[in-house]
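>>> what follows is a predicted protein model with its sequence.
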Amino acid sequence: MGLTSLGIGIALTVAIPALVLMVVSLIALRGTDPSQRPEIIRALADLISAARRGRGPSPRTSRAKSLPATHDHQAGSGHDPSS
């Protein structure tokens with residue numbers, strides 16, 4: 001194993017998880033209200049840290065229950081609930 005292949009291996013172990021995190025974040029934040037985004041980002045951070053530890057999300061941060069339920073629109077549907 002040469003130094004080049006070791007460098008590529010290290011780069012991939014950093015780049016692939018970062019790319020996955022970016023894609024998951026973009027999907028999770030698409031179509032959300034700006035006021036809800038900080039809570040969603042915190043929930044994603046909790047999920048990622050739990051995955052790194054190898055267990056489920058911590059019960060102390062059940063933020064999904066504190067978010068208001070919005071059933072007036074679906075992401076990407078193009079439906080305007082005010083009409």
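Good, I have the coordinates. Numbering: from 1, shown residues only.

>>> so where is this protein shaky, pLDDT-wise?
Scanning the chain for pLDDT under 70 picks out 1, 55-83.

>>> need the longest helix for it.
Scanning the chain for the helix with the most residues, using DSSP state H, yields helix 3-29.

>>> by contact count, what packs against the very next helix or strand once past that helix?
Downstream of helix 3-29, the first helix or strand assigned by DSSP states H and E is helix 37-53. Helix 37-53 is packed against helix 3-29, with contacts defined by 3 or more C-beta pairs under 8 Å, 6 or more residues apart in numbering; DSSP states H and E. No exception for glycine: its C-beta is placed from N, CA and C like everyone else's.

>>> can we see that at 6 Å?
Contact here means 3 or more C-beta pairs under 6 Å, 6 or more residues apart in numbering; DSSP states H and E; on that basis helix 37-53 packs against no helix or strand.

>>> now the angle from the longest helix of the chain to helix 37-53?
140 degrees (axes from the mean of the first three to the mean of the last three C-alpha atoms, to 10 degrees).

>>> could you measure from residue 27 over to residue 48?
14 Å (C-beta to C-beta, to the nearest Å).

>>> over to residue 10?
Counting by C-beta to C-beta, the gap from residue 10 to residue 48 is 20 Å.

>>> can you pick out the residue with more neighbours from these two?
Taking neighbours as other C-beta atoms under 10 Å, residue 10 and residue 48 compare with residue 48 leading, 16 against 10.

>>> tell me how far the residue lying closest to the more buried one once chain neighbours are set aside lies from residue 7.
Closest residue to residue 48 apart from its sequence neighbours, by C-beta to C-beta, 6 or more residues apart in numbering: residue 21 at 6.6 Å. Taking C-beta to C-beta as the criterion, residue 21 is separated from residue 7 by 22 Å.
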